[in-house]
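# Structure, please.
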Amino acid sequence: MDEAISKAAALVEAHGYIRQFAGTTVVVKVGGSIMDQPESLGNLIGDICFLKAVGMKPIIVHGGGKSITAAMQKAGLEAQFVQGRRYTDQRTLSIAEHVLVNDVNKGIIEHIREQGYKAMGVHSLASCAVFAQRMFLQVQEDGDDAPRKVDIGFVGDVNWVNGELLNALTDSGVIPVIAPIARDQAGGKLNVNADSVAGHVAAAVKSEKLILVSDTHGIRTGESEDTLVSHLTKPQIEQLITDGVISSGMLPKVEASFTALQGGVRKVHIVDGRIPHSLLLEIYTNTGIGTEIVL
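Numbers count the residues shown, from 1 in each chain. Prediction:
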């Protein structure tokens, strides 16, 4: 009886949020270790379909870095990174596109269709909605008078997203599934960080929320779980970056968060995809389970 009452209370708590967010768009970036765990990925896609069932309009952006690295190793190539960005030559780009589009993207679409919903792959081999320009890094080493411009290959920096196309798809009941291979002005292809793509997509469609599914519980100020911060503003995050609390793998996520917020998104959430139903707990409960970010 107690368990049944608890479930009923959860439904009552969720009801207000379901009404509040019905008809709004939510962008979910799926990445990290959950991409290599079929059961966990399937459960997460099921939760995204639940958002669709209760009236939200989800858009999925996915990564696939580990799968790309594995495919490169199989082809006898070694992954190289510069400031956390994968150096991408033509062969690496071809492998990345094949893995992201033909393996990861199609797999997610199959999960969605198995649940009875419509989905469409939005990527470089079909209808592309993400466009970018070539990215060059500024690297300054000991002894350098000024930063050097470093070419990291076919890596892109997003400069435009076709929000009209994505909104048309969601308005027609389709869940767009975006792979992070962009097109440039000349029709060439560029590999783009999936967090960055998600931030630009959320801004372009003016989504209610951007949710970054991560391998961490959210943003912490220390090593222990009790240092998780449930709510942060942009200035507070900038201070944490200055203090060195936020670094390395979390930086692309907070940069994507700033892109989304400055583009009109109300809130960004970072949640741990390894926790069952973390997506729903963050959206439809009072306390949430990860870190929410606002301006």
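# what are the ranges of the helices in the chain?
Assignment of helices within the chain using DSSP state H yields the ranges 2-21, 38-53, 65-74, 90-97, 106-114, 163-171, 194-205, 234-242, 251-262, 278-284.
# contacting residues around the shortest one?
Contacts of helix 278-284 from elsewhere in the structure, counted by CB atoms under 8 Å, 6 or more residues apart in numbering, are 13-14, 17-18, 21, 26, 28, 44, 47-48, 50-51, 209, 211, 213, 269, 271-273, 275, 288-290, 292. Placement of C-beta: from N, CA and C, glycine included.
# Only the buried members of those: can you turn that into a ChimeraX selection?
Applying 16 or more other CB atoms under 10 Å to the contacts of helix 278-284, the buried members can be selected in ChimeraX as follows:
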select :14,18,21,26,28,44,47,48,50,51,209,211,213,269,271,272,273,288,289,290,292
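# coming back round to it: what about the helices of the chain, which gets the closest to Gly156?
helix 194-205 (8.9 Å; CB to CB).
# Please, where are all the strands along the stretch 101-250 of the chain?
118-122, 130-139, 148-161, 174-178, 181-183, 189-191, 209-214, 219-220, 228-229, 231-233 (DSSP state E, counting those that start in this stretch).
# name the helices or strands packed onto the fourth one?
Looking back up the chat, that one is strand 174-178. For strand 174-178, the packing partners by 3 or more CB pairs under 8 Å, 6 or more residues apart in numbering; DSSP states H and E come out as helix 38-53, strand 57-62, helix 106-114, strand 118-122, helix 163-171.
# Highest mean neighbour count out of these?
strand 57-62 (a mean of 26; mean count of other CB atoms under 10 Å).
# Check the average confidence over it, would you?
For strand 57-62, the mean pLDDT works out to 98.
# That strand pairs with which strands?
strand 25-30 (parallel), strand 174-178 (parallel) (DSSP bridges).
# want to throw the ones you listed into a markdown table with distance to Ser230?
Shown next, in a markdown table, are the strands paired with strand 57-62 (distance: least, CB to CB, whole Å):
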| stretch | distance to Ser230 |
| --- | --- |
| strand 25-30 | 19 |
| strand 174-178 | 28 |
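# Of these, flag the one that's most buried.
Counting by mean count of other CB under 10 Å, the most buried of these turns out to be strand 25-30, with a mean of 26.
# State whether Leu295 and Leu261 are indeed in contact, as I suppose.
Yes. Counting by CB atoms under 8 Å, Leu261 is a contact partner of Leu295 at 5.0 Å.
# Which of these two has more residues huddled nearby?
Leu261 (21 against 13; other CB atoms under 10 Å).
# just to revisit the earlier point, so which of the helices and strands packed on strand 174-178 gets nearest Lys149?
strand 57-62 (28.4 Å).
# Just the C-alpha atoms of that closest one, please, in PDB.
Presented in PDB, the C-alpha positions along strand 57-62 are these (Å, rounded to 0.1, in the frame of the first residue of the first chain):
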ATOM      1  CA  LYS A  57       8.400  18.000 -28.600                       C
ATOM      2  CA  PRO A  58      11.800  16.300 -28.200                       C
ATOM      3  CA  ILE A  59      14.900  16.700 -30.400                       C
ATOM      4  CA  ILE A  60      17.800  14.400 -29.900                       C
ATOM      5  CA  VAL A  61      21.500  15.200 -30.500                       C
ATOM      6  CA  HIS A  62      23.900  12.300 -30.100                       C
END
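# relative orientation of it and helix 251-262 in degrees?
150 degrees (axes from the mean of the first three to the mean of the last three CA atoms, to 10 degrees).
# For strand 57-62, what is the distance to the chain centroid?
Centroid displacement of strand 57-62 relative to its chain, using CA atoms, centre = their mean, to the nearest Å, is 8 Å.
# Next: stretch 277-295.
15 Å.
# Give me the neighbour count for Val254.
Val254 has 24 nearby residues by other CB under 10 Å.
# Pull the contacting residues for it.
Val254 touches Ile219, Ile237, Ile241, Ile246, Ile293, counting by CB under 8 Å, 6+ apart.
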